[in-house]
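Colleague: For reference, the sequence and a predicted model appear below.
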Amino acid sequence: MSKKIAVLVGSLRKDSYNLKVAKVLQKIAPPSLSLQIISIGDLPLYNEDIDTQTPPDSYTRFRQEIADCQGAIFVTPEYNRGLPAVIKNALDVGSRPYGKSVWSKKPAAIISASLGAIGGFGANHQLRQSLVFLDMPTLQQPEAYFGGVNAAFDSHDNLTEKSQEFLSLIINAYAAWVEKLS
C-alpha cells in the first residue's frame, strides 16, 4: 500500500516552475508513494484570534489533509534569500493549536527551485530550521537545490532528461527515507 504524501508548493503563480516540478514528482514517484498537492493559497495568515472553537474552514480542511498524510514534500522558490510567506504560514497553521501539530514525526523533503544558479539555497535552509522545530525528520542527502529551473522545461512543459534524472534521484531517496522511518 502506498504512503500518502502531501506536496506543498511555495509559489502561487499559475505557471509556477515549482508547481511544474511538483507535477513531475507526482508522475515519477515510485509506487510506494502517492503524492497529493495540497492547496495553501487560501489559508488566511495565521492569527490566534480567528483560530477559535470555529476556525476558518480553510484551516480545518488543511489540517485534516495534512493529518491524513504520512509525509510531506516542500517544493519552494526563494524570495529575497528566504522562504515564501505562504509556506511559513502553512507551517504555522498546521502547528496550531499548541500541542496539536499535524506535522510531528512526518518524514519531509525539501526541493528548492529557482531561476538563479544557487537553486534557492537560502529558502531551503530556512525551511529546514522550522522543520527541525516541528519534529519532522527531513531528508539530508541528496540535497535538492534546483537552479536554472526555467531552462529545465521545454515549451510543452516537458522536463529535460538530466533534470528528470535529478528529480528521480530525489524522489527515490525520499521514498527510501519514508520506508526507513515507517
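Modeller: Noted; the coordinates are in hand.
Colleague: the helices in the protein, which residues?
Modeller: Assigned by DSSP state H, the helices in the chain fall at 17-28, 57-67, 85-94, 121-133, 161-181.
Colleague: Give the pairing partners of the helix or strand of the chain with the lowest mean pLDDT; include direction for each.
Modeller: Here the helix or strand of the chain ranked lowest by mean pLDDT, DSSP states H and E is strand 145-147, holding a mean of 91. Applying DSSP bridges, strand 145-147 is found paired with strand 108-114 (parallel).
Colleague: Next, the angle from the partner strand to helix 161-181.
Modeller: 160 degrees (axes from the mean of the first three to the mean of the last three Cα atoms, to 10 degrees).
Colleague: Restricting to C-alpha, output strand 108-114 in PDB.
Modeller: The C-alpha trace of strand 108-114 is given here as PDB (Å, rounded to 0.1, in the frame of the first residue of the first chain):
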ATOM      1  CA  ALA A 108       9.900  15.500   5.000                       C
ATOM      2  CA  ALA A 109      11.900  16.500   1.900                       C
ATOM      3  CA  ILE A 110      12.700  20.000   0.500                       C
ATOM      4  CA  ILE A 111      13.200  20.800  -3.100                       C
ATOM      5  CA  SER A 112      14.100  24.400  -3.700                       C
ATOM      6  CA  ALA A 113      13.800  25.600  -7.300                       C
ATOM      7  CA  SER A 114      14.700  28.900  -8.700                       C
END
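Colleague: how close does the residue located most distally from the centre of the chain get to Phe62?
Modeller: If you look at how far each residue of the chain sits from its centre, by Cα atoms, centre = their mean, the farthest one is Gln53, at 28.1 Å. Gln53 sits 17 Å away from Phe62 when distances are taken as Cβ to Cβ, to the nearest Å. To be clear about C-beta, it is placed using only N, CA and C from the backbone, and glycine gets the same treatment.
Colleague: For this protein, which residues score under the pLDDT cut-off?
Modeller: Scanning the chain for pLDDT under 70 picks out nothing.
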